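**Q** Below is the structure, and that's it, no one-letter string:
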Ligand SMILES: Cc1cc2nc3c(=O)[nH]c(=O)nc-3n(C[C@H](O)[C@H](O)[C@H](O)COP(=O)(O)O)c2cc1C
């Protein structure tokens, strides 16, 4: 591909030159020296992590682990996973692991490696050692699926903030099963469940640090357990964990504080999706609640907080997501949209975070990844889907090379040929630099 003929190039040169403070008419101005000057490729400190650049691998569930013969219903990381993460490791870069269940009860998908059996810990140690040998930092994302888990996967009761099941869809233990079953009505967590789950997180975090991970990211986004507590349509509690924005934040704040005490706050991070709809999250008071949460998190001096952009949704296209946010956020609020168009921004949350470093994710591509970082809106960007199909996305952005389109049909395994679309890519086609991704699950 001859990228000198691409019209966006002139636009990008002008924009970048203004941002980098270089005269537009500079005789030696080229895209490559502008990119080289971009803040994306400068060092940054996130707590105990001293990164060399700011393009991060977003957490990506890929369901490619090996089934255990020792522990039923569990999966552990193996050689293929080592290869996958090593392909994406860069010197001084940051990889965030796939969401990793803290316990069997926290799990709901086949092929996902947890961090609660000796086999899983040994497997992860092999992955971490290999990633470290490439000079990269590696953070484990800890996961509890809550009502998104299923007794068919765990053999145990599902738990959530309240006894509110997912409706209108089916649970499929195997992705390509023709027959799904209804989602279960979860048990509203009692205080003993809350204490037990927090303990599971602490044990998982300690295990991750013991096997060599550089830090932990709590998955507080996308409608999983901590996010189920954050959403008023799922959390209908009237005790100290529900009923007001502050009380809905209590679980994740307790969890963060207790994990920080266990492993160190400078190795701890939290991921949040204040605009998320995924897994039927339609909470009220979003602006007020997530601003409060970010302000409280800022007091803990975390390594970073990871925020998902409003435009990203797992099911809706960017256009539909932005439209949905400004038209209604919950069926009971159909006539009163919670956001106006100019409120569809992470800015208030970033401001509430104060000095806490901030990673953002959601729809970043070669044309829109430069500006925000230069302005100081955020400190790093995480790339998800494009990292599936471009293990060398950091170099491609740096060199201005086109990115290969991703293949949605190979996002989630397990497959008999797990390596296809994971470590090996067939029939690569290249995307336009500003190509707007459609839904991640869509056809
Ligand atoms: C296949 C796939 C798996 C994902 N798995 C996770 C996950 O395990 N944890 C998480 O927080 N987000 C997960 N996400 C969301 C991504 O981390 C990221 O926020 C999203 O893809 C938007 O970034 P992108 O536009 O660069 O893809 C997943 C997304 C995809 C497409």
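**A** Received it, and whenever you're ready, just let me know what you need. Fair warning: this is a prediction, and the values are worked out from it, not measured in the lab. Residues are numbered from 1 along each chain as shown.
**Q** C-alpha from now on. contacts and neighbour counts both.
**A** Will do.
**Q** For beta bridges, what are the partners of residue 44?
**A** Under the criterion DSSP bridges, residue 44 forms beta bridges with residue 51.
**Q** Does it touch residue 92 like I think?
**A** No. Taking contacts as Cα atoms under 8 Å, residue 44 lies outside contact range of residue 92: 9.8 Å.
**Q** Residue 230 - how many residues pack around it?
**A** A count of nearby residues for residue 230, using other Cα atoms under 10 Å, gives 35.
**Q** With residue 118 instead?
**A** Quick note: residue 118 (other Cα under 10 Å) scores 12 neighbours.
**Q** Overlap in contacts, residue 44 and residue 92.
**A** Taking Cα atoms under 8 Å, 6 or more residues apart in numbering as the criterion, residue 44 and residue 92 both touch 50, 51, 52, 53.
**Q** List buried residues within those.
**A** Neighbour-count burial (16 or more other Cα atoms under 10 Å) applied to these gives 51, 52, 53.
**Q** May I see those residues organised as JSON lines, with pLDDT added?
**A** Formatted as JSON lines, those follow (pLDDT from 0 to 100):
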{"residue": "51", "pLDDT": "98"}
{"residue": "52", "pLDDT": "98"}
{"residue": "53", "pLDDT": "98"}
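**Q** ok, the residues you listed vs residue 227, which is closest?
**A** Distances from these to residue 227 were compared by Cα to Cα; the smallest belongs to residue 51, at 28.4 Å.
**Q** What distance do you get for the residue of the stretch 101-250 of the chain found nearest the ligand to residue 412?
**A** Residue of the stretch 101-250 of the chain nearest the ligand, by Cα to the nearest ligand atom: residue 219 (5.7 Å). Residue 219 sits 18 Å away from residue 412, taking Cα to Cα, to the nearest Å as the criterion.
**Q** the more surrounded of the two?
**A** Between residue 219 and residue 412, residue 219 has the larger neighbour count (other Cα under 10 Å), namely 27 against 21.
**Q** tell me the SS of the more buried one?
**A** Secondary structure for residue 219, judged by DSSP: H, G, I helix; E, B strand; the rest coil, is strand.
**Q** which ones are touching residue 205?
**A** 142, 216, 259, 263 are the contacts of residue 205 under Cα under 8 Å, 6+ apart.
**Q** Quick one: name the residues of the stretch 101-250 of the chain near the ligand.
**A** Counting by Cα under 6 Å from any ligand atom, the stretch 101-250 of the chain comes close to the ligand at residue 219.
**Q** Tell me which stretches of the stretch 101-250 of the chain form strands.
**A** 137-143, 159-160, 170-171, 181-182, 187-188, 215-220 (DSSP state E, counting those that start in this stretch).
**Q** and the ones you listed, which is most packed in?
**A** Ranked by mean neighbour count, the strands of the stretch 101-250 of the chain are led by strand 159-160 with a mean of 28 (mean count of other Cα atoms under 10 Å).
**Q** Quick one: list the elements packing against it.
**A** Contacting strand 159-160 under the criterion 3 or more Cα pairs under 8 Å, 6 or more residues apart in numbering; DSSP states H and E are the following elements: strand 187-188, helix 225-230.
**Q** who touches that strand?
**A** With Cα under 8 Å, 6+ apart as the criterion, strand 159-160 contacts 146, 147, 186, 187, 188, 189, 225, 228, 229.
**Q** I am assuming the second one contacts residue 165, so please confirm or correct that.
**A** Yes. Taking Cα under 8 Å as the contact criterion, residue 147 and residue 165 are neighbours in contact, 6.7 Å apart.
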